[in-house]
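Chemist: Give the three-dimensional model of this entry:
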Amino acid sequence: MRIFIDADACPVKDETYRVAARYGLLTTVVSNSFIAIPPSKLIERMIVDAGPDVADDWIAERTEPGDIVVTNDIPLADRVLKTDATAIAPNGRLFTLDSIGSALAQRSIMEHIRSTGEITGGPRPFSPSDRSRFLQALDEAVNREKRRRR
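Modeler: Numbers count the residues shown, from 1 in each chain. You can find the predicted model right below:
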């Protein structure tokens, strides 16, 4: 079991490092530019080329069943779920096979609305309760996978 962080603009990298360290899990921080990471044998940095979906492609190509991916990117979450891995958004939202279809549809609708020039206001600000939900969701995902492997 590994953790991948879609790291560009991810607000919960430090929380992910703490949970990963508690369970001794290798964490790969994937970004298009340099991101500082704590010194640890369990944390590695992968800088990929700039461009649309380059980081997402890198993560999706390496994700295996039981891995955990931290991402806000709904299409990446869809790809991750198809490998029998777990996808968690930084706000603690757990993407599932049952919910990913509606998330993709909503994303498509919002893209269409924005393409017409409509101002949609964007997502709400990240909050301490989002951080708490994320920590709980990540801890539960790790434990669920550990139980599944027994």
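Chemist: ok, the nearest residue to Ser33 once chain neighbours are set aside - contacts?
Modeler: Setting aside the residues directly before and after it, Ser33 is nearest to Ile47 in space (Cβ to Cβ, 6 or more residues apart in numbering), at 6.7 Å. Yep, even glycine has a C-beta here, placed from its N, CA and C like the rest. In this structure, Ile47 makes contact with 31-34, judged by Cβ atoms under 8 Å, 6 or more residues apart in numbering.
Chemist: change it to 10 Å
Modeler: In this structure, Ile47 makes contact with 7, 29-35, 55, 58, judged by Cβ atoms under 10 Å, 6 or more residues apart in numbering.
Chemist: Thr83 too?
Modeler: 60-67, 69.
Chemist: And Lys41, by the same measure?
Modeler: Contacts of Lys41 (Cβ under 10 Å, 6+ apart): Leu26.
Chemist: so what's the backbone phi/psi at it?
Modeler: When read as degrees, to the nearest 10, the backbone of Lys41 gives phi -70, psi -10.
Chemist: do the same with the one 4 residues further on
Modeler: Main-chain dihedrals, Arg45, degrees, to the nearest 10: phi -110, psi 140.
Chemist: and it, how many residues sit next to it?
Modeler: 15 (other Cβ atoms under 10 Å).
Chemist: Which members of the contacts of Thr83 are the farthest-apart pair?
Modeler: The most widely separated members of these, counting by Cβ to Cβ, are Glu61 and Gly66 (16.2 Å).
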